[in-house]
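Peer 1: Could you work out the structure for the sequence below:
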Amino acid sequence: MSTTAINWIILVIAGLCETGFAMCLGKMKFAEGAAWWAWGAGFLVFLTASMLLLAKAAHVLPIGTAYPVWTGIGAVGTVILGIIFLHEPAGFWRLFFITTLIASIIGLKLVSH
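Peer 2: Alright, predicted model coming up:
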């Protein structure tokens, strides 16, 4: 497997970690006491992992592609998990724009060298 392919995998994992830290923030909103601190610790773990993996991937991938893909994966993942686990709305327009975001992420991957 090429170095570029490995760094794309690292970038996807970084984006999933961004989803993880956003979900921990969402859970902190409803937690108190020890649960709040546990979700806060999860936030810090996912945040650190996400940033370090993004930095690693950006050594090989163009930052102008890596950063939007990272944020896009995090945004899409957060919306999907918010719908599933936090009972956030899943209306037509919300799903439509998430679909366009996914298409944009794929497009950036396809035009990246």
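
Peer 1: Check the burial of F43 by counting its neighbours.
Peer 2: 19 (other C-beta atoms under 10 Å). For the C-beta atoms, the positions are set from N, CA and C on the backbone; glycine is no exception.

Peer 1: just checking, it touches C24?
Peer 2: Yes - here F43 lies in contact with C24, judged by C-beta atoms under 8 Å, at a distance of 3.9 Å.

Peer 1: looking at the chain, which helix or strand is least sure?
Peer 2: Least confident helix or strand of the chain, by mean pLDDT, DSSP states H and E, is helix 92-111 with a mean of 90.

Peer 1: which residues sit against that one?
Peer 2: W8, T65, P68, V69, G72, I73, A75, V76, V79, I80 (C-beta atoms under 8 Å, 6 or more residues apart in numbering).

Peer 1: go with 10 Å
Peer 2: 8, 11-12, 15, 61-62, 64-73, 75-76, 79-80, 82-83, 88-90 (C-beta atoms under 10 Å, 6 or more residues apart in numbering).

Peer 1: Kindly export it (C-alpha atoms) in PDB.
Peer 2: Output of helix 92-111 as PDB, limited to C-alpha atoms (Å, rounded to 0.1, in the frame of the first residue of the first chain):
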ATOM      1  CA  PHE A  92     -35.400  16.300   4.100                       C
ATOM      2  CA  TRP A  93     -33.200  19.400   3.800                       C
ATOM      3  CA  ARG A  94     -30.900  18.300   6.500                       C
ATOM      4  CA  LEU A  95     -30.300  15.000   4.800                       C
ATOM      5  CA  PHE A  96     -30.100  16.600   1.400                       C
ATOM      6  CA  PHE A  97     -27.300  19.000   2.500                       C
ATOM      7  CA  ILE A  98     -25.400  16.100   4.300                       C
ATOM      8  CA  THR A  99     -25.600  14.200   1.000                       C
ATOM      9  CA  THR A 100     -24.100  17.200  -0.900                       C
ATOM     10  CA  LEU A 101     -21.400  17.400   1.800                       C
ATOM     11  CA  ILE A 102     -20.500  13.800   1.200                       C
ATOM     12  CA  ALA A 103     -20.400  14.400  -2.500                       C
ATOM     13  CA  SER A 104     -18.000  17.300  -2.000                       C
ATOM     14  CA  ILE A 105     -15.700  15.200   0.200                       C
ATOM     15  CA  ILE A 106     -15.600  12.500  -2.500                       C
ATOM     16  CA  GLY A 107     -15.000  15.200  -5.100                       C
ATOM     17  CA  LEU A 108     -12.000  16.600  -3.200                       C
ATOM     18  CA  LYS A 109     -10.500  13.100  -2.900                       C
ATOM     19  CA  LEU A 110     -11.000  12.500  -6.600                       C
ATOM     20  CA  VAL A 111      -9.300  15.800  -7.700                       C
END
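
Peer 1: This completes my enquiry, with thanks.
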